[in-house]
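Enquirer: no sequence on this one, just coordinates:
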């Protein structure tokens, strides 16, 4: 096997979920049949890594100083949704059910990995919370770290007159109770809501 | 989502087995945490695509005119193993059980896809088959196309005084007869060999 092939295989292993065997398959596939697509991929990688930075307001990934959500005048400036990653913003945007602003932590509190309030831009978040904001929606993941992060942020805004909410945890749509873990089921019971009948 | 992020996601979809969702995950992972690895990947892609060509003797992928197997003096010059892809060469080399030369078809006969003898370099193969070669080992895949390709090549050398063999088909090591398909089992029966007892 030639040197540059070996190097490409090991470089592809940096992609999440790609091991040596998949990387080898990708390398041969690119070199045998998709050289143009490969060059295009190399170009796209460089361009994206050169251009993409963080939005100065919400820390989301974008190409300019302000992302398209922060610079939009059509968004509800009184709602602030706090998420862990840019992928979460995308997932929420795709639901078309939220029209407020975001703040991206780029991670969650994880002291053992050296990720504290400073790394999550909590100072920047504090500066973001002005009189304009009426509600903060905590949409961190329902993991131990995500819950801890949500708890930490809710403590920050406790003394201010801002409504602080957490996204609902419970049975996912289309799921079956039988196959759900006990933790989720317990949360679904705790969070039960009164049925409103239209009669 | 910014333009160059979208472009990177769609460019990553050219990799085999990568759909939009995995490509999105890779993109965010690279941009959030692995920018250096991403640049290295872009560089490796370019280098490999620029440098890697086909060995003029065996058609395998390599950086020079002759690959390291064809240019080696330690290989048995009288054995020629015919495989479909460079990945097959690698797999055979890793078994450490073959010390001859290779010829890589870069595909198999598939008239419907426009792949005929010309695309597989059959002329080049014919030129390779000199008096030096004593045995040709057909190691194409045991698929319909692979079998047809093996049959075609065996016809080519029929009239020459060259031994032409096909790799054995049968029960894979560690497999269980109970779960094997009937076709393989039938081949294993047809290809049964006399047990040699050391007594």
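Expert: The structure has been received and is ready for your questions. From a predicted model like this one, the values you see are computed outputs, not experimental measurements.
Enquirer: Tell me how far residue A:135 lies from residue A:93.
Expert: 18 Å (Cβ to Cβ, to the nearest Å). Glycine gets a C-beta too; all of them are placed from N, C-alpha and C.
Enquirer: buried set for stretch A:55-74?
Expert: A:55, A:57-63, A:67, A:69-70 (16 or more other Cβ atoms under 10 Å in any protein chain shown).
Enquirer: Tell me which residues are up against that stretch.
Expert: Defining contact as Cβ atoms under 8 Å, 6 or more residues apart in numbering or on different chains, one finds that stretch A:55-74 is touched by A:51-54, A:75, A:86, A:89, A:93, A:99, A:101-106, A:121, A:124, A:128, B:2-5, B:28, B:31-32.
Enquirer: List the contacts of the longest helix along chain A.
Expert: Counting by DSSP state H, the longest helix found in chain A is helix A:35-51. Residues from elsewhere that reach helix A:35-51, judged by Cβ under 8 Å, 6+ apart: A:30-31, A:63, B:2, B:4-5, B:7-8, B:11-12, B:14-15, B:27, B:30-31, B:35, B:38-39, B:41-43, B:45-46, B:48-49.
Enquirer: Mind giving me the PyMOL command for buried ones among those?
Expert: Filtering these down to the buried ones (16+ other Cβ under 10 Å) takes a single PyMOL command:
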select buried, (chain A and resi 30+31+63) or (chain B and resi 2+4+5+7+8+11+12+14+15+27+30+31+38+39+41+42+43+45+46+48+49)
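Enquirer: can you give me the helices in chain A?
Expert: Counting by DSSP H, residue ranges of the helices within chain A are A:3-12, A:20-33, A:35-51, A:86-95, A:122-128, A:144-156, A:182-190.
Enquirer: In terms of mean pLDDT, which of the ones you listed ranks lowest?
Expert: Note on the helices of chain A: helix A:182-190 shows the lowest mean pLDDT, a mean of 85.
Enquirer: Please point out which parts of it sit buried.
Expert: A:184, A:188.
Enquirer: just stretch A:141-160 next, same as before
Expert: A:141, A:145-147, A:149-150, A:152-153, A:156-157.
Enquirer: ok, now stretch A:161-169?
Expert: Residues of stretch A:161-169 classed as buried by neighbour count (16+ other Cβ under 10 Å): A:162, A:164, A:166.
Enquirer: From residue A:154, how far off is the first one?
Expert: Look at residue A:162 and residue A:154: by Cβ to Cβ, they are 10 Å apart.
Enquirer: for the last one, same thing?
Expert: Per Cβ to Cβ, residue A:166 is found 8 Å from residue A:154.
Enquirer: Domains in chain A, by residue range?
Expert: Domain segmentation of chain A under automatic domain parsing yields A:3-51, A:75-166.
Enquirer: Could you dump the ones you listed into JSON lines and include distance to residue B:114?
Expert: Below are the domains of chain A laid out as JSON lines (distance: least, Cβ to Cβ, whole Å):
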{"stretch": "domain A:3-51", "distance to residue B:114": "14"}
{"stretch": "domain A:75-166", "distance to residue B:114": "40"}
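Enquirer: so residue A:83 makes contact with residue A:140?
Expert: Yes. With contact defined as Cβ atoms under 8 Å, residue A:83 reaches residue A:140; the gap is 6.8 Å.
Enquirer: which neighbours do the two share?
Expert: residue A:105.
Enquirer: And the residue nearest the centre of chain A?
Expert: By Cα atoms, centre = their mean, the mean C-alpha position of chain A lies nearest to residue A:85, the distance being 2.3 Å.
Enquirer: re earlier: which one of the buried residues of stretch A:161-169 is nearest chain B?
Expert: Nearest to chain B among those is residue A:166, at 23.7 Å by Cβ to the nearest Cβ.
Enquirer: Local confidence estimate at that closest one?
Expert: Note on residue A:166: pLDDT of 91.
Enquirer: how about residue A:106, what does it touch?
Expert: Here residue A:106 is in contact with A:54, A:59, A:84-86, A:119-121, B:32 (Cβ under 8 Å, 6+ apart).
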